[in-house]
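**Student:** how would this look folded up:
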Amino acid sequence: MNTEKLTPFLIGPECTVADALRKLDGNGKGILFVTDADRTLKGVLTDGDIRRWLLRTGEVQGAVRQLMNQKPRVIYRRELIRAQEMMRRYVIAALPVISAKGVLLDIVFREEKEAAESAHTGTLCGTPVVIMAGGKGTRLWPYTKILPKPLIPIGDVPIMERIMDRFLDYGVREFYVTVNYRKSMIRAYFNENAAHYKISYVEEEKPLGTAGSLGLIREEFTRPFIVTNCDILIRADYSDILRYHEESGNELTIVSALKQIVVPYGVIHSSENGAVASMEEKPSLSCFVNTGMYVLNPGLIREIPKNTFFHMTELADRLIDEKRKVGMYPVSEDSFLDMGEFEEMRRMEQKLNLKSE
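**Tutor:** Reported below is the predicted structural model:
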């Protein structure tokens, strides 16, 4: 691998966590190699390392050196024949190839087929998944004047089917789908095209918000369940999200994405009497946003007002006011795909490599 191809995987030890997330989004491999100016390997940083750091500190401006693995597994060029076997043995996705002096020479990635097959098959088997599909999709008007939002295609597959396909990879076969607007069209499509799924429809007589329709589910859940909006796709490890929820003791976990916004102007910082204290050219702001995916403990359904318009954010606010545990599971900006607006629809197609479909 030449220097140009290595660059997307390299980061300096003084770069920030926000910088690292941008790099990870760009290379799509979930790993970075921390090197100095001479390309001497100092450590390795994965998306999991960043997630654990953010959960522990919430600090996006921390230096990469604070959270990198300083003793990663490495391989020397003369040992390259053992690379795939080493990665299988230690369950790692990539190995840095270094010289005797510790200079990074190359990167070997685990074979894609093997990595996929060893991933997460069946890990969410039996976990209830609720898809909120009752909204009118006003942001996508006039598309939604003809089609309900869940059936708007991303490529040649409706967004809701793509969501279910992702869960299918984790062993989920049963879904609860809340419907209202153009519900007969949703039923008709999946009656013909949903051979791999079992769908229980939860019908709203009137709009009930992003949480209100949960009170209409007749089955009593006995384990934490996942709720997702029908217009978003999260590219993350769903089994790890559920595991984090259970281990943290949260009653409600909100999957959040680190959004980085660049102010497209020079920003003036002023002091007293209109004096200019300093200027900053196109600063970047970082914040966590609600993606629209949640994990809830089953008892929370009983706390949702019956037959009342009620949003998930209202439930979260109530729990926070009562000092009950609400947490977040952070993902990168690039892992959060939202088709709620036309521009975002195009971005989703690009990220899913659907241009040729």
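
**Student:** Tell me which stretches of this protein form helices.
**Tutor:** 3-6, 17-27, 47-57, 83-90, 112-117, 143-146, 159-168, 183-193, 209-212, 238-248, 312-321, 342-351 (DSSP state H).

**Student:** Adding mean neighbour count, write those helices out as a markdown table.
**Tutor:** All C-beta atoms are positioned from the backbone trio N, CA, C, and that covers glycine. Shown next, in a markdown table, are the helices of the chain (neighbours: other Cβ atoms under 10 Å):
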| stretch | mean neighbour count |
| --- | --- |
| helix 3-6 | 10 |
| helix 17-27 | 19 |
| helix 47-57 | 17 |
| helix 83-90 | 14 |
| helix 112-117 | 11 |
| helix 143-146 | 14 |
| helix 159-168 | 20 |
| helix 183-193 | 15 |
| helix 209-212 | 24 |
| helix 238-248 | 17 |
| helix 312-321 | 16 |
| helix 342-351 | 15 |
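
**Student:** so where's the stretch 151-300 of the chain uncertain?
**Tutor:** Along the stretch 151-300 of the chain, the model assigns pLDDT under 70 to residues 194.

**Student:** any idea where the strands of it begin and end?
**Tutor:** Assigned by DSSP state E, counting those that start in this stretch, the stretch 151-300 of the chain shows strands spanning 153-154, 157-158, 174-179, 198-203, 225-229, 232-234, 252-262, 266-270, 276-281, 284-296.

**Student:** gap between the nearest residue to residue 100 once chain neighbours are set aside and residue 105?
**Tutor:** Excluding its sequence neighbours, the residue lying closest to residue 100 (Cβ to Cβ, 6 or more residues apart in numbering) is residue 76, at 7.3 Å. For residue 76, the distance to residue 105 equals 9 Å [Cβ to Cβ, to the nearest Å].

**Student:** hey, what's in contact with both of those two?
**Tutor:** 97, 98, 99 (Cβ atoms under 8 Å, 6 or more residues apart in numbering).

**Student:** Touching, the last one and residue 77? I think so.
**Tutor:** Right, the one you point to is residue 99. Yes - with contacts counted by Cβ atoms under 8 Å, residue 99 reaches residue 77, the gap being 7.4 Å.

**Student:** now the strands of the stretch 151-300 of the chain as CSV including mean neighbour count and distance to residue 23?
**Tutor:** As requested, the strands of the stretch 151-300 of the chain are exported to CSV (neighbours: other Cβ atoms under 10 Å; distance: least, Cβ to Cβ, whole Å):
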stretch, mean neighbour count, distance to residue 23
strand 153-154, 20, 26
strand 157-158, 18, 30
strand 174-179, 22, 35
strand 198-203, 15, 39
strand 225-229, 23, 27
strand 232-234, 21, 20
strand 252-262, 19, 12
strand 266-270, 10, 24
strand 276-281, 9, 21
strand 284-296, 19, 14
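
**Student:** Of all those strands, which one is nearest residue 218?
**Tutor:** Among the strands of the stretch 151-300 of the chain, the nearest to residue 218 by Cβ to Cβ is strand 198-203 (8.4 Å).

**Student:** right, and residue 207 touches residue 132 too?
**Tutor:** No - Residue 207 is beyond contact range of residue 132, at 11.0 Å (criterion: Cβ under 8 Å).

**Student:** quick one: which of the two has more around it?
**Tutor:** residue 132 (26 against 13; other Cβ atoms under 10 Å).

**Student:** got the domain boundaries for this protein?
**Tutor:** Domain segmentation of the chain under automatic domain parsing yields 3-117, 129-351.

**Student:** Could you dump those into CSV with distance to residue 123 added?
**Tutor:** Below are these laid out as CSV (distance: least, Cβ to Cβ, whole Å):
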stretch, distance to residue 123
domain 3-117, 14
domain 129-351, 4
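
**Student:** So residue 76 and residue 105 - more neighbours on which side?
**Tutor:** Neighbours per residue (other Cβ under 10 Å) separate residue 76 from residue 105, with residue 105 holding more: 15 against 12.

**Student:** Leaving out sequence neighbours, find the closest residue to that one.
**Tutor:** residue 97 (4.8 Å).

**Student:** pLDDT averaged over stretch 130-147 - what is it?
**Tutor:** On average, the pLDDT along stretch 130-147 is 72.

**Student:** Contact partners for residue 131?
**Tutor:** So residue 131 contacts 150, 160, 163, 164, 175, 176, 177, 178, 227, 228, 229, 230 (Cβ under 8 Å, 6+ apart).

**Student:** Is the fifth one bridged to anything, and to what?
**Tutor:** The partner list for residue 175 in beta bridges (DSSP bridges) reads residue 129, residue 199.

**Student:** so who does it touch?
**Tutor:** Counted by Cβ under 8 Å, 6+ apart, residue 175 has contacts 129, 130, 131, 164, 167, 197, 198, 199, 200.
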